[in-house]
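Enquirer: Provided below for reference: sequence and predicted model.
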Amino acid sequence: MKKLVEILTEKLQAGFVRAGYDEKYGCVSVSNRPDLCQYQCNGAMAAAKEYKKAPIAIAEEVTAGLDGEDIFEKIEAVKPGFINITVSGALLAAQAEEMCSGDRLGLEKKEKPETVVIDYGGANVAKPLHVGHLRPAIIGESIKRICRFMGDEVIGDAHLGDWGLQMGLIIHECRQRQPDLPYYKEDFEGEYPEEPPFTMSDLDEIYPYASAKSKEDEEYLQAAQETTFEMQAGHRGYRALWEHILKVSLPDLKKNYDNLNVNFDLWKKESDAMPYIPPMVEKMKEDGVARLSDGALVVDITEEGDKKELPPCLVLKSNGASLYTTTDLATLVEREKMFSPDRIIYVTDKRQQLHFTQVFRTAKKAGIVRPETELIFIGNGTMNGKDGHPFKTRDGGVLRLRALCEQVNDAVYRRIRENRDYSEDEAREISEKVGLAALKYGDLSNQASKDYIFDIERFASFEGNTGPYILYTIVRIKSLLNKYKESGGVLSDSEALLPPLSESETELYLALSKYADAMESAYAELAPHRICQYIYELSEALNHFYHATKILAEEDGARKASYLKLLGLVQRVLEQCIELLGFEAPDRM
């Protein structure tokens, strides 16, 4: 389906050619002065230089040849040489009709789909998810859905951290607490217990304690580091404990991600990359890509054009231990072998920018990925409290993600009970859906790289640029259509959409026409906030139309049918958009 701006550009290009000018000057864009016109063409301004002619004269010649075209309500040349365009209501209705006719709302999939891997989990096992895990999870989930909707083959990977110091800290602390367990006995040759010696609640307490102690006790930290190295080297008892930690942690992680409506195609872990490390390292040495520096293996990554020298990528420590860079590089080896992806997208904290610069440059230099493979880092900003600092608990601790979700749900629940008479169960069910929308929209409506202030009361509001407002718009449409059906009315797709009569109806049609542009921008920029901007504009247009129009009281049957079909189209567009953002609307609010 051709977009409105494409139809207008074709007409203007033909107009420029007919008037004796190059068609390249006929590009049309959405007007930056909506009070004057809907669309504009500034080509006459540029053409004036080439043709040595006043821009207003060129604009007048072009518009003279287009006057009378049925796609224009009005087209005029204005000084110093702009072409202002107002499209006809018939064209708007025809565009909306075409959106109604397909299951993709007139949006075509890309001609050449790509294989895309998105790494957007990054949680560490044995550690509870906290607010810092929110942004990469929901931004990555939305990007995954957007790319998949546009036609790409997309693989979402949680890429869990299960091979670093946190494992050594937990295993070492468990040894301090339960030294008689068989996992620590070097001469033990029997089978280890099937049941883990700890619960998730135990791990929730053990890791923070061990982490805090390692920062104060150098000897304790060294012991945990040695334990980590021995686990990675294959210590039988430590590996058994490591498996227990995974067994306890993974179900809890999956439950937390499920509550966010975040789903992964792969639950790969750092440890899955370990078999690829030795051959990868050996090839780096053979090819002369890596060098020794004080016993450690490093790769120089500074390139011509860099404003300053970048630190080399540390591939192996001097004791042979691997690091995050090592496992990230080996994971690229694995992904290349499994999927041969065209693009690999990482969504994580923007403070990891240097790390991924090192990994990406090393991967290219070492031939781990093909030269044409795109490696993309999307660094997200932090979610801050009203004080401008990272969101924390009242006592200054890191807020767990589960607790944050409960706070948002409770805020929505209070608003629902204030304004509506629902049963306890229904109010709770609605508050969970609306709360998730409040949380996700509040985050996704911000550009990923920007920090933002998380204000629960504002995000949970049913008014303004919020998730609940978007859902309320959808529920408003559902309610009106249901009321019509309950009165005996029948909704039919065969009814025709009529040209708009009022300003609010025209604005609604115009908002609908921007759907494809919004989707394509969100995909091209990997930017969910583009969808949020669009659905807020569409929701505003719908609500203005709703308040200005007597829809069910309309006496003209064809006009009423057009109104109802228009509302149904808006509902479809909004529901498609929020599905890409990762939440859904309830039937009532």
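Expert: Alright, I've got the coordinates.
Enquirer: Tell me which residue lies farthest from the centre of the protein.
Expert: Taking C-alpha atoms, centre = their mean as the measure, the residue most remote from the mean C-alpha position of the chain is residue 187, 50.8 Å away.
Enquirer: wait, is it part of a helix?
Expert: No. Inclusion of residue 187 in a helix is not indicated when DSSP: H, G, I helix; E, B strand; the rest coil is applied; the result is coil.
Enquirer: Could I get the full set of strands for this structure?
Expert: 29-30, 39-41, 72-78, 82-87, 115-119, 153-157, 291-293, 296-299, 313-316, 343-349, 374-380, 383-384, 452-453 (DSSP state E).
Enquirer: Minimum distance to residue 494: which of those strands has it?
Expert: Comparing these against residue 494 with C-beta to C-beta, the closest turns out to be strand 82-87 (25.1 Å). C-beta coordinates here come from the backbone N, C-alpha and C atoms, glycine included.
Enquirer: now the closest one, how far from the centre of its chain.
Expert: Centre-to-centre, strand 82-87 and its host chain are 35 Å apart (C-alpha atoms, centre = their mean, to the nearest Å).
Enquirer: Report the strands that pair with that strand, each with its relative direction.
Expert: For strand 82-87, the pairing partners within the sheet under DSSP bridges are strand 39-41 (antiparallel), strand 72-78 (antiparallel).
Enquirer: Of the ones you listed, flag the one that's most buried.
Expert: Compared across those, strand 39-41 shows the largest average neighbour count, a mean of 23 (mean count of other C-beta atoms under 10 Å).
Enquirer: picking up where we left off before, please convert the strands paired with strand 82-87 to a markdown table, extending it with mean pLDDT and distance to residue 578.
Expert: Supplementary listing: the strands paired with strand 82-87 in a markdown table, determined by pLDDT from 0 to 100; distance: least, C-beta to C-beta, whole Å:
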| stretch | mean pLDDT | distance to residue 578 |
| --- | --- | --- |
| strand 39-41 | 98 | 28 |
| strand 72-78 | 97 | 32 |
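Enquirer: any chance of those strands in JSON lines, plus distance to residue 246?
Expert: Written out in JSON lines, the entries for the strands paired with strand 82-87 read as follows (distance: least, C-beta to C-beta, whole Å):
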{"stretch": "strand 39-41", "distance to residue 246": "57"}
{"stretch": "strand 72-78", "distance to residue 246": "64"}
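Enquirer: quick one: low-confidence parts of the chain?
Expert: Regions of the chain meeting the criterion pLDDT under 70 cover residues 393-397.
Enquirer: now do 80
Expert: Judged against pLDDT under 80, the low-scoring parts of the chain cover residues 392-398, 419-420.
Enquirer: hang on, the earlier thing: would you tell me which of the strands paired with strand 82-87 gets closest to residue 582?
Expert: Closest to residue 582 of the strands paired with strand 82-87, according to C-beta to C-beta: strand 39-41, at 32.8 Å.
Enquirer: separation between residue 354 and residue 325?
Expert: From residue 354 over to residue 325 the distance is 11 Å, taken as C-beta to C-beta, to the nearest Å.
Enquirer: Looking at these two, which has the bigger crowd around it?
Expert: Between residue 354 and residue 325, residue 325 has the larger neighbour count (other C-beta atoms under 10 Å), namely 19 against 12.
Enquirer: quick one, what contacts that one?
Expert: Residue 325 makes contact with 313-315, 355, 358-359, 362 under the criterion C-beta atoms under 8 Å, 6 or more residues apart in numbering.
Enquirer: Go again with 10 Å.
Expert: Under the criterion of C-beta atoms under 10 Å, 6 or more residues apart in numbering, the neighbours of residue 325 are 298-299, 313-316, 355-356, 358-359, 362.
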